[in-house]
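A.B. asks: I need the structure of the sequence given here:
(chains A, B, C and D)
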2 protein chains.
Amino acid sequence: MTEMQTSPPPVKRRGPPPKLTREAIADAALDLIDRDGIRALTMRRLALELGAGAMTLYGYFSDKDELLDFALDRAARRFDFAIGEGPWRAQLRELVQTMMRALTEHPGAVETRARRPILNPGWLRAGEAGIGILLEAGFDITEAAAAWRLLFTFTFGYAAFSAAEPSPAQQAEWQRQLAALPAEQYPVMAGEATQLVSWMAGRRPFDHGLELILDGLEARLALLR
Amino acid sequence: MTEMQTSPPPVKRRGPPPKLTREAIADAALDLIDRDGIRALTMRRLALELGAGAMTLYGYFSDKDELLDFALDRAARRFDFAIGEGPWRAQLRELVQTMMRALTEHPGAVETRARRPILNPGWLRAGEAGIGILLEAGFDITEAAAAWRLLFTFTFGYAAFSAAEPSPAQQAEWQRQLAALPAEQYPVMAGEATQLVSWMAGRRPFDHGLELILDGLEARLALLR
DNA sequence: ACCTGAACACCGTTCAAGT
DNA sequence: ACCTGAACACCGTTCAAGT
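C.D. replies: Residues are numbered from 1 along each chain as shown, chains lettered A, B, ... in the order given. Modelled structure (predicted):
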């Protein structure tokens, strides 16, 4: 009962520490963010995990922002965003879902960027593919750019403003919060709390929203032709 | 030439300091965020602006997160999200644009929340109105919830992942960045840099994306009937 | 009851010095 | 050339004490 729990060693590394490069540092940063959230990513702690002094990192990145940018770019580069076969709707769906998968694997990465467009080469490759599909489908450059912006924003926004995998306890808590709202003022939210909460979690609402956007694009394309 | 610039007094207040309340503290926090960005919002500086000791704030909020939550809620409550007249499409457009206006007035507020759904009463009032419009239009609760989620996410995502009002210099810089990409790998991005950048700034791409979503909803509704 | 200075355990980054 | 300890100017928050 009073036995001490043996906590695992704080750093577990097989073999020698990886040679320090911008890439190795960014990967370690993504690891750390994914494990413990963006707030856990401090220069000191990251350096410690890499077996280096905190100041060593400044030999590779001019500051923390540059490191975060590079890490977000790198998260994108792990996916190739190749354009698949078939009609444009299926191609676009596949591409957007690949983007979402990239963000799901690095749920903290999205927190690294706010209040400015995401303009690094890794994510621009997704844009290149997406706008290419839309141009091929028959949209002009203006329509294609706006449509891509919508798809991109929905994907990043969804990753940013939703919980990745809320526990049943968390879902129950949300349901309680909604149900507790005054029913006269919030008839839908309070009355349909159960169904609404089941639609807040997971990937299903994302997929549904994506199909809605694709419906809109098909309708728009029909008008252009 | 060597004349010292007289810097303005750091705190400029007319009349006595406002009585401290949760509301007054949250308003001061929104002010501070809007002026100098989320990073400038520290408990110490906020307290200083309110003419109080840093620890005083902890008499009103249990921690900084709770204060940020309350401030984001309060930003929403400044708008009433009333449902207007006319067909559902116009009602929904108006509602979403009101949400965007609220976020535009407090560009930093959106940074306060990430990795969890936005579930405070202020923003839920917008959801109540939006889902109400969709139900009235003929969608069932599941479709309405997913559609609202899409609209909400697009709006918050757009506020989060775009620059509010990029300067011409900033736009020129982005254009340079895009044009500098290798043309073989990024034919669209590099080739159409000028047009793409003009579509990255301001509210126009948001309005366009909103219409695309509304097109999708109309197409879906036609199938349901 | 309401407020707060001092203190604690942190940050990012500069600087000057180590090898 | 590459790395880093000490130091600076900050953080959020606890605690114990003020009024």
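A.B. asks: So A:Leu178, which state does it fall into?
C.D. replies: helix (DSSP: H, G, I helix; E, B strand; the rest coil).
A.B. asks: Now do it against B:Gln175, distance only.
C.D. replies: 45 Å (Cβ to Cβ, to the nearest Å). No exception for glycine: its C-beta is placed from N, CA and C like everyone else's.
A.B. asks: Of those two, which one has the most company?
C.D. replies: Neighbours per residue (other Cβ atoms under 10 Å in any protein chain shown) separate A:Leu178 from B:Gln175, with A:Leu178 holding more: 22 against 17.
A.B. asks: Please, which helix or strand holds the nearest residue to A:Ser198 once chain neighbours are set aside?
C.D. replies: Excluding the flanking residues, the one nearest A:Ser198 by Cβ to Cβ, 6 or more residues apart in numbering or on different chains is A:Gln171, at 7.7 Å. In this assignment (DSSP states H and E), A:Gln171 forms part of helix A:168-179.
A.B. asks: next one: A:Ile118
C.D. replies: A:Ile118 belongs to no helix or strand, assigned by DSSP H and E.
A.B. asks: Do you have the helices of chain A handy? List them.
C.D. replies: Counting by DSSP state H, one finds helices in chain A at the ranges A:22-36, A:43-49, A:64-77, A:88-105, A:121-137, A:141-160, A:168-179, A:187-191, A:193-198, A:204-224.
A.B. asks: Looking at these, spot the one closest to B:Ser162.
C.D. replies: Proximity to B:Ser162 (Cβ to Cβ) singles out helix A:141-160 among these, at 7.7 Å.
A.B. asks: The closest one versus helix A:121-137: what angle between them?
C.D. replies: 130 degrees (axes from the mean of the first three to the mean of the last three Cα atoms, to 10 degrees).
A.B. asks: Summarise which helices and strands helix A:141-160 is packed against.
C.D. replies: helix A:88-105, helix A:121-137, helix A:204-224, helix B:141-160, helix B:193-198, helix B:204-224 (3 or more Cβ pairs under 8 Å, 6 or more residues apart in numbering or on different chains; DSSP states H and E).
A.B. asks: Just the angle for the fourth one relative to helix A:204-224, thanks.
C.D. replies: Interaxial angle, helix B:141-160 versus helix A:204-224 (the same axes, to 10 degrees): 80 degrees.
A.B. asks: In CSV, list the C-alpha atoms belonging to helix B:141-160.
C.D. replies: The C-alpha atoms that make up helix B:141-160 are tabulated as CSV, following Å, rounded to 0.1, in the frame of the first residue of the first chain:
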residue,chain,number,x,y,z
ILE,B,141,-30.8,18.4,-35.7
THR,B,142,-27.8,16.3,-36.9
GLU,B,143,-27.4,18.2,-40.1
ALA,B,144,-28.0,21.5,-38.3
ALA,B,145,-25.3,20.8,-35.7
ALA,B,146,-22.8,19.7,-38.3
ALA,B,147,-23.5,22.8,-40.5
TRP,B,148,-23.2,25.1,-37.5
ARG,B,149,-20.0,23.5,-36.5
LEU,B,150,-18.7,24.2,-40.0
LEU,B,151,-19.7,27.8,-40.0
PHE,B,152,-18.4,28.4,-36.5
THR,B,153,-15.1,26.7,-37.2
PHE,B,154,-14.6,28.6,-40.4
THR,B,155,-15.2,31.9,-38.6
PHE,B,156,-12.9,31.2,-35.7
GLY,B,157,-10.3,29.6,-37.9
TYR,B,158,-10.3,32.5,-40.2
ALA,B,159,-9.8,34.9,-37.3
ALA,B,160,-7.1,32.7,-36.0
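A.B. asks: how close does the residue most central in space within chain A get to A:Phe79?
C.D. replies: Centroid-nearest residue in chain A: A:Leu103, 2.8 Å away (criterion: Cα atoms, centre = their mean). Remark: distance between A:Leu103 and A:Phe79 (Cβ to Cβ) = 10 Å.
A.B. asks: how many other residues sit next to the closest residue to chain B within chain A?
C.D. replies: With Cβ to the nearest Cβ as the measure, A:Gly157 is the residue of chain A nearest to chain B, at 2.1 Å. A:Gly157 has 24 neighbours, counted by other Cβ under 10 Å.
A.B. asks: Just give me the neighbour total for the closest residue to the residue nearest to the centre of chain A other than its chain neighbours.
C.D. replies: Once flanking residues are discounted, A:Leu103 sits nearest to A:Ala159: 4.0 Å by Cβ to Cβ, 6+ apart. By other Cβ under 10 Å, the residues close to A:Ala159 number 25.
A.B. asks: now A:Pro168
C.D. replies: When neighbours are counted by other Cβ under 10 Å, A:Pro168 comes out with 8.
A.B. asks: got it, and A:Tyr158?
C.D. replies: A:Tyr158 has 24 neighbours, counted by other Cβ under 10 Å.
A.B. asks: Surely it is in contact with A:Met100?
C.D. replies: Yes: the pair A:Tyr158 and A:Met100 qualifies as a contact (Cβ atoms under 8 Å) at a distance of 7.3 Å.
A.B. asks: Common neighbours of these two, please.
C.D. replies: Listed as contacting both A:Tyr158 and A:Met100 by Cβ atoms under 8 Å, 6 or more residues apart in numbering or on different chains are A:Phe206.
A.B. asks: what bits of chain A have low per-residue confidence?
C.D. replies: A:1-18, A:107-108, A:111-116, A:163-165 (pLDDT under 70).
A.B. asks: Kindly report the residues of it close to DNA strand D.
C.D. replies: Residues of chain A found near DNA strand D (Cβ under 7 Å from any atom of the strand) are A:Leu20, A:Ala52, A:Gly53, A:Ala54, A:Met55, A:Thr56, A:Tyr58, A:Gly59.
A.B. asks: Mind giving me the ChimeraX select for these, buried ones only?
C.D. replies: The buried subset of those, as determined by 16 or more other Cβ atoms under 10 Å in any protein chain shown, is captured in ChimeraX by this line:
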select /A:20
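A.B. asks: which of the residues of chain A next to DNA strand D lies closest to B:Phe206?
C.D. replies: A:Tyr58 (38.0 Å).
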